[in-house]
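[1] I'll drop the sequence and a predicted model, then ask my questions.
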Amino acid sequence: MTQTTIGIVGSGIVGSTAAYYLARAGYEVTVFDEGIGQATSASAGIICPWFTLRRNKPWYFLVSNGAEFYRDMMQDLQADGFDTSDIFQQDGALIIRDKENRIERDLTDGALKRETAPSIGHIETVRNEKLSDYFPLLTTDYDATFVEGGARINGRALVQTLQAAIEHFGGKLLRERAKTSFDAKGAVALSSPSLREQSFDRILLSAGPQLPSLLEPLGYEVDVTAHKGQLLSFYSEEWVDKHWPVIMLPGKLDLIPFNNGEIVVGATHEADMGYDLNFDEERLATLRSQAEAWLPAIKDMPVHRREVGSRAYTPDSAVLVGQVPNLSNVWAVSGLGASGLTSGPFLGHQWTQLVQNGDWRIKAEDFPIEQYIRLKSDTLNT
């Protein structure tokens, strides 16, 4: 029997997850990624999506299932002999609230959502005078909600481990830019500097903000843009193995203490910078200043590490996922934005279920991909 061939463009969190599970299941998998500006490898994030004010139900479906799926994926990697201790760490989350009614709402919402999201775990209110018991470096006048299931994720460690697992199961990683074209039979094919045009039974385009450049040669226009994100971190030997919870602050700033002694601060959200991957000293200085207001201990410390990457966004910040219109062998995932670390593995794994079983939990009516991917007018006329 002929083996099903899989081509995946983009080895970030979605593509690497999909490639890992398909290679693990015995499929012939080829992954393309030149590795420039990848958001996943430049990121560290918080897995605690349950208490958002965002009311988009399809988006919440993805992130809540993403939080649950992380536990399964870590077990699978461990079963395959890979160490996940540096990837996913659950030490809880402190959600700092500047309004008392938000504290009360957290308790109510958490109890309801825990029925379908058991990873939430225990929830409790932490008054200001008790915050130092959880995170002694934090300075604030506000109270907080503690969520036991809150966790942190190291994006680079995750991708590196998944890629090692892909190769372990016989998958091929080409660290090159892929190009799309139509083969002699009218199906989409992929090529790269070291690989001549090759047709695949199934293709997943999961290259984030690069999706428009992949579909443009095929006659499509895509409503996806690149948003720049920068973060920085601080390090102290005194912070090693403290198992402090992650901190979710009012606004978009997060403080993410890792058990290796590093505290990550981030990230910026720069919709005006596109594919610019240069560090912006002014924005990083602002980021540091904002963090110092909450963590006075870092005021005189040198920056330990800086990262920059590009995230993909649609015009309405909805996720783009589904089969590309009029292309029988091509699917796309993009527009995950800042929540990609949470929803990405679930989306990647769901696509593997579609490939293997012919069905997945992604409802086309909830994710109308045709709103973001359309044939150009000149293509329609040819």
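    It's in.

[2] use CA for all of it now, contacts and neighbours both
    OK.

[3] what about the protein, any weak spots by pLDDT?
    1-2, 36-42, 272-274, 378-382 (pLDDT under 70).

[4] Longest helix in it, please.
    Using DSSP state H to define each element, the chain has its longest helix at helix 57-79.

[5] on contacts alone, who are the packing partners of that helix?
    Helices and strands touching helix 57-79, by 3 or more C-alpha pairs under 8 Å, 6 or more residues apart in numbering; DSSP states H and E, are helix 340-357.

[6] quick revisit: and the longest helix of the chain, how far out from the chain's middle?
    11 Å (C-alpha atoms, centre = their mean, to the nearest Å).

[7] which is the next helix or strand following it?
    Per DSSP states H and E, helix 57-79 leads on to strand 88-90 as the next helix or strand towards the C-terminus.

[8] Could you look up the SS state of the nearest residue to residue 132 once chain neighbours are set aside?
    Spatial nearest neighbour of residue 132, excluding adjacent residues (C-alpha to C-alpha, 6 or more residues apart in numbering): residue 138 at 6.8 Å. With DSSP: H, G, I helix; E, B strand; the rest coil as the basis, residue 138 sits in coil.

[9] ok, residue 138 - contacts?
    131, 132, 294, 295, 296 (C-alpha atoms under 8 Å, 6 or more residues apart in numbering).

[10] Give me the subset of the residues you listed lying in helices.
    Using DSSP H, the contacts of residue 138 in helices are 131, 132, 294.

[11] quick one: which of these is most hemmed in?
    Counting neighbours by other C-alpha atoms under 10 Å, residue 131 leads these with 21 neighbours.

[12] quick one: contacts for it?
    By C-alpha under 8 Å, 6+ apart, the contact set of residue 131 is 138, 143, 144.

[13] From residue 253, how far off is it?
    From residue 131 over to residue 253 the distance is 18 Å, taken as C-alpha to C-alpha, to the nearest Å.

[14] And residue 103, by the same measure?
    Relative to residue 253, and taking C-alpha to C-alpha, residue 103 is found at 19 Å.

[15] wait, residue 34 sits on residue 173?
    No: at 10.1 Å, residue 34 does not count as touching residue 173 under the criterion of C-alpha atoms under 8 Å.
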